[in-house]
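S.K.: got a predicted structure here, sequence first:
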Amino acid sequence: MIVTVRQKTRASLSTATFSFPYDIRMDSLITPSSTTTGATPDLIAISGVNLSLGRGAARVHILKDVSLRIGPGEAVGLIGASGSGKSTLLMVMAGLERPDSGEVVIDGTSFNSLDEDGLACFRGRQVGIVFQSFHLIPTMTALENVAVPLELAGKPDAHERAARELAAVGLGERLHHYPAQLSGGEQQRVALARALAPDPAILVADEPTGNLDETTGRQIADLLFSTQRERGMTLVLVTHDAALARRCDRVVRLRDGHIEGPATERHWIETASLA
Ligand SMILES: Nc1ncnc2c1ncn2[C@@H]1O[C@H](COP(=O)(O)OP(=O)(O)OP(=O)(O)O)[C@@H](O)[C@H]1O
Ligand SMILES: [Mg+2]
């Protein structure tokens, strides 16, 4: 019966405005406000994206006709072998790389309609980014690092808000430490607080636990998912960790720059560790 519903829903989606690959969460089939009813549009809609980077002989066609739709509040795991294009797709989604062709639409706004300043401003409000290697500014304290995006957004209470965000990730006692004075897990908490500070609709995370030991990585993952649920954020998480991928609502696999068709849950649980 579930299969029938899924097939029926996919058929109706494909004849409407949506294109495949598009994997539907089970709760999207029963939630009245879901994408399938048309009541809530996709928060992220990527259509026919191609991107090549590098020059001359080093030029690589990285993303090949990538289309992906993600609903508000969804947690999507992005998996695939090293070099398959996961980080590049995340950068395109965050507006840090512009595709050669195709379109990225976030919350109804097409990146193609924004100039560089407009895109930076839009990204600052809508998209938080967390990287594997933290990317904190070494000459700034934890508080100053987290305050940066708030100051850029012109928030008068940037430092107060930054302090609240740091307290929320358990670093209320580390506000004035520099990155070099913090452990890896603490630095990633600062990076998470910085990404969350502008209250973005979307959080993209590129192997956020990749540089951490297992226990610390699990703590960061717990924090990531609990915050995502509390704030109703959309999460796109790149990971090589099958256990982390399993915590997402669904998983999308990239293979050599292509998105693989919707996999069955069993398929990705069994194969995620091979990514
Ligand atoms: N600036 C660039 N110029 C040329 N090629 C690039 C550039 N950036 C990335 N690539 C190539 O694009 C491909 C995809 O890179 P990407 O970093 O997106 O992979 P990934 O799936 O995130 O891999 P990993 O799991 O190792 O992080 C790789 O083959 C990489 O060498
Ligand atoms: Mg990567």
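M.R.: Ah, there it is. These numbers come from a predicted model, not from an experiment. Residues are numbered from 1 along each chain as shown. Ligands and ions are numbered 1, 2, ... in the order given.
S.K.: hey, let's count contacts and neighbours off CA atoms from now on
M.R.: Will do.
S.K.: tally of neighbours for T216?
M.R.: 17 (other Cα atoms under 10 Å).
S.K.: what's near enough to touch it?
M.R.: 185, 209 (Cα atoms under 8 Å, 6 or more residues apart in numbering).
S.K.: same check, this time on E103
M.R.: 45-49, 110-112.
S.K.: got a list of contacts for stretch 104-120?
M.R.: Contacts of stretch 104-120 (Cα under 8 Å, 6+ apart): 41-47, 49, 92-93, 95, 103.
S.K.: let's see if you can find the most crowded of those.
M.R.: M93 leads these on contacts (other Cα under 10 Å) with 25 neighbours.
S.K.: for that residue, which non-adjacent residue is closest in space?
M.R.: Spatial nearest neighbour of M93, excluding adjacent residues (Cα to Cα, 6 or more residues apart in numbering): V104 at 6.7 Å.
S.K.: now do I70
M.R.: Sequence neighbours aside, I44 is the residue nearest to I70 in space, at 5.1 Å (criterion: Cα to Cα, 6+ apart).
S.K.: surely that neighbour meets G73?
M.R.: No. In this structure I44 lies outside contact range of G73 using Cα atoms under 8 Å: 10.8 Å.
S.K.: returning to that earlier point: so the residue nearest to M93 is in which element?
M.R.: Element membership for V104 (DSSP states H and E) is strand 101-106.
S.K.: quick check: buried residues in that strand?
M.R.: Of all the residues in strand 101-106, those buried under the rule 16 or more other Cα atoms under 10 Å are 102-106.
S.K.: cool, stretch 46-63 as well?
M.R.: For stretch 46-63, using 16+ other Cα under 10 Å, the buried residues are 46-51, 62-63.
S.K.: which of those residues are close to ligand 1?
M.R.: Among those, proximity to ligand 1 is found for I62 (Cα under 6 Å from any ligand atom).
S.K.: re the thing from before, redo the contacts of stretch 104-120 as JSON lines? Include secondary structure.
M.R.: Shown next, in JSON lines, are these (DSSP: H, G, I helix; E, B strand; the rest coil):
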{"residue": "P41", "secondary structure": "coil"}
{"residue": "D42", "secondary structure": "coil"}
{"residue": "L43", "secondary structure": "coil"}
{"residue": "I44", "secondary structure": "strand"}
{"residue": "A45", "secondary structure": "strand"}
{"residue": "I46", "secondary structure": "strand"}
{"residue": "S47", "secondary structure": "strand"}
{"residue": "V49", "secondary structure": "strand"}
{"residue": "V92", "secondary structure": "helix"}
{"residue": "M93", "secondary structure": "helix"}
{"residue": "G95", "secondary structure": "coil"}
{"residue": "E103", "secondary structure": "strand"}
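S.K.: for ligand 1, state which of the residues you listed is nearest.
M.R.: Using Cα to the nearest ligand atom, V92 is the member of the contacts of stretch 104-120 that lies nearest ligand 1, at 10.0 Å.
S.K.: all helices of this protein, in order?
M.R.: Residue ranges of the helices in the chain, as given by DSSP state H, are 2-15, 86-93, 116-126, 142-152, 158-168, 184-196, 214-231, 242-246, 265-271.
S.K.: contact partners of the second one?
M.R.: Contacts of helix 86-93 from elsewhere in the structure, counted by Cα under 8 Å, 6+ apart, are 44, 46, 62-63, 78-80, 97-99, 104, 204, 206, 236, 238, 254.
S.K.: find the closest residue to ligand 1 in the stretch 101-250 of the chain.
M.R.: H240 (7.1 Å).
S.K.: that residue contacts E207, doesn't it?
M.R.: Yes. With contact defined as Cα under 8 Å, H240 counts as touching E207 (7.3 Å).
S.K.: now do the contacts for the residue lying closest to S52 once chain neighbours are set aside.
M.R.: Spatial nearest neighbour of S52, chain neighbours left out: H61 (4.1 Å); criterion: Cα to Cα, 6+ apart. H61 makes contacts with 50-53, 257, as judged by Cα under 8 Å, 6+ apart.
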